[in-house]
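Asks: Starting from these lines, generate the structure:
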Amino acid sequence: MKALNESDADRISSLPDDVIQSILAFLPVKDGAKTATLSKQWRHNWGATAKLVFNGGFCQISAVEDYVLKASKLMWEIYKALLLHEGPITELVLEIPGLRPCTDMDLMMLFVSKKSVQKLTLSFYEKRALEDKISSALFTARQLSYLRLRNCEFSAPSWFLGFSKLARLDLYGVHVPSPSNFCEDFLPKCPVLQHLIFVIQGSDSRKAELVSPSLKVFESNLWNVCFKHTPFLSTVRIELMDVYQNDKLSKYRAYDPDIAAAFSSLPAIEKLIIGGQWMGVSFDFAFAFV
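Replies: This is a model prediction of the structure:
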């Protein structure tokens, strides 16, 4: 039998860079990070992977495990994978079943800031995650252009200076201690924000004055909003599912008897969508403004 020489045995390394990048893109991050230890060339290849996704394929936390210990070890494994990545990272996704926000995420958030990550997704699927505040280190990542959070407590620290490049913010099922403060204090610190999804847990009886000079699309389950300074807002979607549940239809009616008229004063408004659920049936009412 003919012995294979080194070049015959390692045909993958000789593939074009774009092909290798495509292969790495389909590998779980855990396996992709391991390739960085093969050679300098593979370390370079791993460093050129611009999008990293940590999901169930990387690790999971079961309900029977000691959460604090497991989460600490998991975050250290994630941080080691990030340290092996020497190139730029444009997008980072963290969607690991069983994981909740924890103090061990501070290092990762600082890494996000240092590496100038532009797009960040942090999705937590445990209901208990709503009791956990997202790491304050997140608010140092001022270069973010896209931020997506699910199931956590979102509260900016007093020293927060703003997200000067944030164009889209998706908040799903988050707990915001004061929605009115979010609309009036946080949003003005995001001067180029154009698309906001703001689906929150709980409610705030105080009327919130939404100040967002660049906002074009607003989607929320928060009805009690006054669009104080939104000159470019063209599309609004209000989800009334929470309002309709538990026989709270009367609460919805109390806001304004003429839904369309409440938005007609917006100078750039083109479309208003009222969505919700009644008796298990979803519905959408659309209003067009000419």
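
Asks: Can you tell me the SS state at Phe111?
Replies: helix (DSSP: H, G, I helix; E, B strand; the rest coil).

Asks: Next one: it from Pro177, what distance?
Replies: Noted for Phe111: a distance of 27 Å to Pro177, by C-beta to C-beta, to the nearest Å. Bear in mind the C-beta positions are built from the backbone N, C-alpha and C, glycine included.

Asks: more neighbours, these two?
Replies: Higher neighbour count among Phe111 and Pro177: Phe111, with 19 against 12, using other C-beta atoms under 10 Å.

Asks: Just the pLDDT at Leu24, thanks.
Replies: Looking at Leu24, its pLDDT is 60.

Asks: give me the low-pLDDT residue ranges for the stretch 101-250 of the chain?
Replies: Applying pLDDT under 70 to the stretch 101-250 of the chain picks out residues 126-131, 202-206, 241-250.

Asks: can you pull out the strands in it?
Replies: Secondary structure of the stretch 101-250 of the chain, counting by DSSP state E, counting those that start in this stretch: strands at 119-123, 146-150, 168-175, 195-201, 208-211, 217-220, 225-229, 235-239.

Asks: Output the ones you listed as CSV; include the columns mean neighbour count and distance to Phe182.
Replies: Listed next are the strands of the stretch 101-250 of the chain as CSV, based on neighbours: other C-beta atoms under 10 Å; distance: least, C-beta to C-beta, whole Å:
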stretch, mean neighbour count, distance to Phe182
strand 119-123, 19, 17
strand 146-150, 19, 12
strand 168-175, 19, 9
strand 195-201, 18, 8
strand 208-211, 20, 8
strand 217-220, 19, 11
strand 225-229, 16, 11
strand 235-239, 20, 16
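
Asks: Make a markdown table from the ones you listed and add distance to Pro267 to it.
Replies: Below are those laid out as a markdown table (distance: least, C-beta to C-beta, whole Å):
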| stretch | distance to Pro267 |
| --- | --- |
| strand 119-123 | 31 |
| strand 146-150 | 27 |
| strand 168-175 | 22 |
| strand 195-201 | 18 |
| strand 208-211 | 14 |
| strand 217-220 | 14 |
| strand 225-229 | 10 |
| strand 235-239 | 13 |
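
Asks: so where do the helices sit in this structure?
Replies: In order along the chain, the chain carries the following helices (DSSP state H): 6-9, 17-26, 29-34, 40-47, 67-83, 106-114, 179-181, 241-244, 249-253, 259-263.

Asks: Select, out of the strands of the stretch 101-250 of the chain, the one closest to Lys133.
Replies: Closest to Lys133 of the strands of the stretch 101-250 of the chain, according to C-beta to C-beta: strand 168-175, at 8.8 Å.

Asks: That closest one packs against which elements?
Replies: On a contact count with 3 or more C-beta pairs under 8 Å, 6 or more residues apart in numbering; DSSP states H and E, strand 168-175 meets strand 146-150, strand 195-201.

Asks: contacts for the longest one?
Replies: If you take C-beta atoms under 8 Å, 6 or more residues apart in numbering as the criterion, strand 195-201 is touched by 130, 167-176, 179, 182, 187, 212, 215-222, 239.

Asks: and if you look at the shortest one?
Replies: With contact meaning C-beta under 8 Å, 6+ apart, strand 146-150 is reached by 118-125, 134, 163, 166-174.

Asks: One more pass at 6 Å, please.
Replies: Strand 146-150 is contacted from outside by Lys119, Leu120, Thr121, Leu122, Ser123, Arg168, Leu169, Asp170, Leu171, Tyr172, Gly173, Val174, using C-beta atoms under 6 Å, 6 or more residues apart in numbering.
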